[in-house]
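>>> Got a predicted structure plus its sequence, pasted below:
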Amino acid sequence: MADFVFDDRFNLKLHYSILFPFSLGKNFRLEPEISYLRFKYPFKYKLSGHDLETDYTTSHFNIGIGVLPMIQLGKTNVTFGFRFSYHSYLFTEKGDSSNYEYSIKATSLAPTIGAEYVFGNNFSLGAEGAAVFYLGGKSREIVNSLPSEYDKFSFFTTQARFFIRMYF
């Protein structure tokens, strides 16, 4: 997934998903997908002569399904349709001087168009573009164990995806 950005502290530029394409006949595909990404990185610094350390952790979970009618043109498949997804994102900062947590939960609806070129029976390369609408999202901050109320949000972004598919 490209450019999945929630705040200015952490930008998930590359995000890999596992997709399970099911062709139902020659003209329709269902494509469940799942992904999980987790980063943890320590940051050491000095403050007033004291050695301090803060651990930053970011995790993102996504589960969804693509509902994609398909047109076959020789060895090229052109897909169009929608992707529906649930997203969960968590950023934490735990250290000697502060504790911070930021979480987001959202669903998305993405009108999608794409194409793939099929090499033989088991392999294809493809690309897809989508207009992604994040709906009914909510975010929450917790600073030094004091939680805030959930903030509701929705937003729009575009997305480009590139696929390497192996069929079994």
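Nice, I can see it. Small disclaimer: the values here were computed from a predicted structure and weren't measured.

>>> Next one: the closest residue to residue 123 other than its chain neighbours from residue 120, what distance?
In space, and not counting its chain neighbours, residue 123 is closest to residue 166: 5.8 Å by C-beta to C-beta, 6 or more residues apart in numbering. No exception for glycine: its C-beta is placed from N, CA and C like everyone else's. The gap separating residue 166 from residue 120 is 11 Å, by C-beta to C-beta, to the nearest Å.

>>> so where's the protein shaky on pLDDT?
1-15, 96-97, 145, 147 (pLDDT under 70).

>>> Give me the phi and psi for the residue lying farthest from the centre of it.
What lies farthest from the middle of the chain is residue 49; by C-alpha atoms, centre = their mean that is 40.6 Å. As for residue 49, its main-chain torsions (degrees, to the nearest 10) stand at phi 80, psi 0.

>>> go on, residue 121?
Residue torsions, per degrees, to the nearest 10, at residue 121 are phi -90, psi -20.

>>> Counting by contacts, list what the longest strand along the chain packs against.
With secondary structure taken from DSSP state E, the chain has its longest strand at strand 50-73. Using 3 or more C-beta pairs under 8 Å, 6 or more residues apart in numbering; DSSP states H and E as the contact test, the elements touching strand 50-73 are strand 10-14, strand 28-47, strand 76-95, strand 99-119.

>>> ok, now with 7 Å
Judged by 3 or more C-beta pairs under 7 Å, 6 or more residues apart in numbering; DSSP states H and E, strand 50-73 is in contact with strand 28-47, strand 76-95.
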